[in-house]
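K.L.:
sequence first, predicted model second:
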Amino acid sequence: MGYSQIFVGCLVLVIVSQDVKAQPDPDVCIPGPGDAKGHRLPELPERFKIQVYGEFEGRNYSVSTTEGYDDIENLGYIVTYYQGKERPGHISGTRTYYDYKDSQYYHVYPNMTDLDSYVCVTKELTNTTFTAFGRGGGHIPNAKDIFRFGDEYNETYEGQMQYKGETVDLWSTCVYDERSTYNYKIDFYFVAGQHKATLPVKIVINGTAPLHWNNTHAPERRRFYHTYYFSGIDTTQQPLEVFYPPIGVICPGRVKGKGIPSTATNFNLNVEIVRPKDKTISYAKEFYYMDGKLTAFEFFSSDQKSQHHPIRVVHDYNTGIQYKIIPFGSCQVNPIPIGAADAVSIDDEHVVMRTSASFFALHDSDVDWVYEGKTNYRDTVIHAWQTTRTNWKPLQHKGDENIQVNSTWMYFFLDKDWTIVSNSWHRDNTVLPMRLEIAWVAHNTQTGKMEDRGKEIHNFFQPYEDSVWHQYFDVSDCYTHMNESLHLAFNLEGKDTYKKYVANNTMFFAHGVAQSLADSLDVSQTRITDFEVVDGYKDLATVFFTLLDKPQVQGDAINATDPGPPLQTAYALLQKLINSKDGSTLTLEFIHHMEIKKVNAASNTLREETKPLIQTKQVGLTTGVASGIAIGTFVLGAAIAAVGACVVFKYKITEVPYSVQE
């Protein structure tokens, strides 16, 4: 406890009522009106941080604390050092944080059974709560009331003296409380000449009190003599985060504070996964296209033939089909697994695509996030949210009913004042996490013993909201026979169509046209690939694309739906829409400048044609170029232990790290 806590404690003790009013002890002091003797009374600051060392004569006891106070922000804290020492890298003996804004305080102390963790107790601040700064409830007491120093406390100027080599002004006041019969004199030592926003460098309290605090009638009295030394006085504003429990400490019952952000509907990002226990670092890339019901993951595996091209896994939730594409190897087409990271099962047989927020476990009904405050990460400012979970298990413990895992999750989001600038895209509103930390302890419910503990750190890089190219979900590598695809082309109506709608609107136009084609043919977007728009080709803007056949699903397809008509049937339908004698009825919808626009396919222009090798103006990416961009934006290293583990989840492929310098 610091000076304020002990001193205020002397003043607010509630003693049983007494019949006879006692009198002040003249050997201590007699309260009077005070006398400044023409000297200016020092003014106490609205904010401060101080080191306090207290000695209690006759009790063979001393204490050392750090106290922080902010009257403007309505916050305070007190740190009591553990046996007079800081444990390196750990919280000191005890810390108590007083949040008068939310009417709560948090008492944090080391977990003696696990010195790497801490216990936090949350309690309410009410008018009956005694705190280090006085009564709880309402606004934090002002500094004058905490120190009992000011005009209303009848201070008397006692003159100057030397203290530790400098001149100090001595002020004193006399206190007598009729109810408790406490009687004491307080001496305040201020550096001479300092009058504004200053604190004393020393305080002495000398007085008497009832021998037994609950019997003020008894004539026996006890004396007390307390000396408090103040150092490291800082009256500047402290960062708000120092007034709250350190990030990583769970305080059950804590007010949630600001809600955790909602993520973008569509996004792509790169992920670095650090597992300290295994001494491994892995990398992956994620693509999430909620609007098109498509996801994709890219990663490396130690058993693949090429370490220069990643394995790609594409989930098509329009059909419930998973494509696993191994470069220079094979393509496996299966139903999307029920336990996939991006999937949620509605009946243990069928799956639906998770929302992006659910993918990151941000807004699940069983997850209760608490705002932890701001911190620094890689010299940036980020905000932290934390929660505990009992319904999640790391990969090594999944399926083991005898293992109970308690985990702590913490997400970090970039401060709104920071801007992500990447590939000339200035993104000032990106709402994607920058980092995720997960720590867990696994216990065997049969033996009660701890089986395992671990930690994972997930660093997210180059996040893009709404920037998901259609080609990221290209599955044409799964079609190796000539009769499984058709290379098609058709023109767009209007000579200025490219200039008006396509130029500088590449991604949204490509998404819109691909989706319009897929909807018109009753197929998934994954069957519309190798998309490209060329300006001025045969005097009109021309759309080139490849139409794929329906996939041949391997294995149990119980959770997959009909992938649509076969290739020739779909082609015949497209011919009817564009090459009909009554004119084209194919309308393509897309977004342009945040509005939905429409353009028609030119009548009788559908044909089988491979896109030209050289064009001056074109929109779209071939499979190879798209893959090159995906890899080039971030060096995918080390085979990843789980595709979903890039966001910590379930989709597992075994691997070992490789050089990230390639």
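P.N.:
Looks like it came in fine.

K.L.:
what is the burial count for P276?
P.N.:
Neighbourhood size, P276 [other CB atoms under 10 Å]: 11. Placement of C-beta: from N, CA and C, glycine included.

K.L.:
so what's the closest residue to it other than its chain neighbours bridging to?
P.N.:
In this structure, P276 finds its nearest non-sequential neighbour in K455, 5.8 Å apart by CB to CB, 6 or more residues apart in numbering. Per DSSP bridges, the residues bridged to K455 are A439.

K.L.:
try K49
P.N.:
Counting by DSSP bridges, K49 forms beta bridges with G68, D234.

K.L.:
tell me which helix or strand in the protein has the weakest average pLDDT.
P.N.:
Using mean pLDDT, DSSP states H and E, helix 623-632 stands out as the lowest-scoring helix or strand of the chain, at a mean of 35.

K.L.:
count of neighbours near N60?
P.N.:
As a burial measure, N60 scores 7 neighbours (other CB under 10 Å).

K.L.:
what about the strands in the stretch 1-150 of the chain?
P.N.:
47-56, 61-70, 75-80, 94-99, 104-110, 118-124, 130-131, 134-135 (DSSP state E, counting those that start in this stretch).

K.L.:
for stretch 573-588, output the C-alpha coordinates as PDB.
P.N.:
Output of stretch 573-588 as PDB, limited to C-alpha atoms (Å, rounded to 0.1, in the frame of the first residue of the first chain):
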ATOM      1  CA  LEU A 573     -27.600 -23.100 -73.400                       C
ATOM      2  CA  LEU A 574     -25.000 -20.300 -73.900                       C
ATOM      3  CA  GLN A 575     -25.400 -20.500 -77.700                       C
ATOM      4  CA  LYS A 576     -29.200 -20.100 -77.200                       C
ATOM      5  CA  LEU A 577     -28.700 -17.000 -75.100                       C
ATOM      6  CA  ILE A 578     -26.200 -15.300 -77.400                       C
ATOM      7  CA  ASN A 579     -26.600 -16.700 -80.900                       C
ATOM      8  CA  SER A 580     -30.400 -16.900 -81.100                       C
ATOM      9  CA  LYS A 581     -32.000 -15.600 -84.300                       C
ATOM     10  CA  ASP A 582     -34.100 -13.300 -82.000                       C
ATOM     11  CA  GLY A 583     -30.900 -11.600 -80.700                       C
ATOM     12  CA  SER A 584     -28.800 -11.900 -77.600                       C
ATOM     13  CA  THR A 585     -30.600 -12.200 -74.200                       C
ATOM     14  CA  LEU A 586     -27.400 -12.600 -72.100                       C
ATOM     15  CA  THR A 587     -27.100  -9.600 -69.800                       C
ATOM     16  CA  LEU A 588     -24.000  -9.200 -67.700                       C
END
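
K.L.:
any idea of the mean pLDDT in that stretch?
P.N.:
For stretch 573-588, the mean pLDDT works out to 93.

K.L.:
repeat for stretch 546-558
P.N.:
Stretch 546-558 comes out at a mean pLDDT of 73.

K.L.:
isn't V242 up against G68?
P.N.:
Yes: the criterion here is CB atoms under 8 Å, and V242 meets it with G68 at 6.2 Å.

K.L.:
joint contacts of the two?
P.N.:
Counting by CB atoms under 8 Å, 6 or more residues apart in numbering, the residues touching both V242 and G68 are Y77.

K.L.:
neighbour count: these two, which is higher?
P.N.:
Each of V242 and G68 has its neighbours counted (other CB under 10 Å); G68 has more, 19 against 16.

K.L.:
separation between that one and E451?
P.N.:
Distance from G68 to E451, counting by CB to CB, to the nearest Å: 41 Å.

K.L.:
over to T375?
P.N.:
On the measure of CB to CB, T375 and E451 end up 31 Å apart.

K.L.:
what of I338?
P.N.:
Applying CB to CB, the value for I338 to E451 is 26 Å.

K.L.:
one more: T280?
P.N.:
Going from T280 to E451 by CB to CB gives 20 Å.

K.L.:
try I146
P.N.:
Counting by CB to CB - I146 and E451 are separated by 49 Å.

K.L.:
and if you look at L362?
P.N.:
L362 is 29 Å from E451, by CB to CB.

K.L.:
okay, these two: which has more neighbours?
P.N.:
Set side by side, L362 and E451 show more neighbours around L362, with 22 against 17, by other CB under 10 Å.

K.L.:
does the more buried one touch G259 like I think?
P.N.:
No: under the criterion of CB under 8 Å, L362 is not in contact with G259, lying 9.6 Å apart.

K.L.:
okay, and the common contacts of the two?
P.N.:
W369.

K.L.:
quick one on the thing from earlier: my guess is the residue nearest to P276 contacts D278. True?
P.N.:
No: counting by CB under 8 Å, K455 stays clear of D278, with 10.3 Å between them.

K.L.:
where in the stretch 251-400 of the chain is pLDDT low?
P.N.:
302-307, 329 (pLDDT under 70).

K.L.:
what are the ranges of the helices in it?
P.N.:
All helices of the stretch 251-400 of the chain, identified by DSSP state H, counting those that start in this stretch, fall at 356-359.

K.L.:
show me where it has strands.
P.N.:
Per DSSP E, counting those that start in this stretch, the stretch 251-400 of the chain carries strands over the ranges 266-275, 280-289, 294-299, 311-316, 321-325, 331-335, 343-345, 351-353, 370-377, 380-389.

K.L.:
with D187 as the reference, name the closest of those strands.
P.N.:
Nearest of these to D187, taken as CB to CB: strand 370-377 at 38.6 Å.

K.L.:
the closest one vs strand 380-389, what angle?
P.N.:
Per axes from the mean of the first three to the mean of the last three CA atoms, to 10 degrees, the angle that strand 370-377 makes with strand 380-389 is 140 degrees.

K.L.:
from the rest of the structure, what touches strand 370-377?
P.N.:
Against strand 370-377 from outside (CB under 8 Å, 6+ apart): 239-241, 244-245, 247-248, 251, 254-260, 381-387, 410, 412, 415, 434-435.

K.L.:
N483 should be in a strand, yeah?
P.N.:
No: N483: not assigned to a strand; according to DSSP: H, G, I helix; E, B strand; the rest coil it is helix.

K.L.:
who's in contact with it?
P.N.:
Counting by CB under 8 Å, 6+ apart, N483 has contacts D549, L567.

K.L.:
what's the pLDDT at it?
P.N.:
At N483, pLDDT is 89.

K.L.:
that one and Q332, how far apart?
P.N.:
Where Q332 is concerned, N483 sits at a distance of 21 Å (CB to CB).

K.L.:
same check, this time on S516
P.N.:
Separation of S516 from Q332 (CB to CB): 30 Å.

K.L.:
more neighbours: those two, which one.
P.N.:
More crowded of S516 and Q332, by other CB under 10 Å: S516, with 19 against 14.

K.L.:
tell me which element the more buried one is part of?
P.N.:
S516 belongs to helix 506-521 when elements are defined using DSSP states H and E.

K.L.:
buried residues in the next helix or strand after that helix?
P.N.:
Counting by DSSP H and E, the next helix or strand C-terminal to helix 506-521 is strand 528-537. Going by neighbour count (16 or more other CB atoms under 10 Å), the buried part of strand 528-537 is I528, T529, D530, F531, E532, V533, V534, D535, Y537.

K.L.:
do the same with stretch 100-120
P.N.:
For stretch 100-120, the neighbour count (16+ other CB under 10 Å) marks Y100, S103, Q104, Y105, Y106, V108, Y109, P110, S117, Y118, V119, C120 as buried.

K.L.:
so which one among these has the lowest pLDDT?
P.N.:
Across the set of the buried residues of stretch 100-120, S117 stands lowest in pLDDT, at 73.

K.L.:
alright, calling it a day.
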